[in-house]
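Engineer: just coords:
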């Protein structure tokens, strides 16, 4: 099935111009050559000139190769903060100086899926994330995380390890001040993306909330409308 056929078969996928996504320099991407046995490669967005080309490079400060060659056809996937997107492109040129990057043909449109209904409130405070054990493994309990942003639909956390894979269910724990009193939230969520930071060794994990109670929704609405510091211990 082609990307176009997949988009048509998935009601939530829209065809939109690349510039409508609001990509920012340094955003994490994945590239994969359309060749037998080719694997996904972590990459980052450098910039684009509408109608001309898209520049992508290796992820992280130590990246020295794009793993792409001139003439390759590749699939590019990414997440903007609201949209998961993908597009098919051809590698026009590759460069090593002044830094490594590949110039891709500018796509007429991209396939985009709206993951979040709203942009998230930027924040930063300690939280925990609990990954249930699999296949009878040991439960290591909640692990430390830092809440990066939050909305009524989900959150992004920063951790020192990848924790789990896309699609896995976890529990996000955080304490907020609501009505002048600390309130503990334990929110069930699924991992919708999981990328290593371009400029540090941390992992940035996007979570989509599931089965929120009315109480959860009320507190989250308050938190996203009135950004605050974490509740005192």
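Structural biologist: Done, it's in. Please read these numbers as outputs of a predicted model, since none were measured by experiment. Numbering: from 1, shown residues only.
Engineer: and residue 75, that one's in a strand?
Structural biologist: Yes - the assignment for residue 75 (DSSP: H, G, I helix; E, B strand; the rest coil) places it in a strand.
Engineer: Let me know how buried the residue lying closest to it once chain neighbours are set aside is, in neighbour terms.
Structural biologist: Of all residues not flanking residue 75 in the chain, residue 32 sits nearest, at 5.0 Å (C-beta to C-beta, 6 or more residues apart in numbering). Where you see a C-beta, it was placed from the backbone N, CA and C, and this is true even at glycine. A count of nearby residues for residue 32, using other C-beta atoms under 10 Å, gives 18.
Engineer: start at 616 instead
Structural biologist: All set: I'll call the first residue 616, so the last point we hit is now residue 647.
Engineer: From residue 760, how far out is residue 647?
Structural biologist: 29 Å (C-beta to C-beta, to the nearest Å).
Engineer: Quick check on the residue nearest to residue 690: phi, psi?
Structural biologist: Backbone geometry at residue 647, expressed as degrees, to the nearest 10, gives phi -150, psi 120.
Engineer: how far does stretch 715-727 stretch from start to finish?
Structural biologist: 27 Å (C-alpha to C-alpha, to the nearest Å).
Engineer: Which positions in it come out as buried?
Structural biologist: Buried residues in stretch 715-727, counted by 16 or more other C-beta atoms under 10 Å: 716-719, 721-722, 725-727.
Engineer: what's the answer for stretch 777-787, then?
Structural biologist: 778-779, 785-787.
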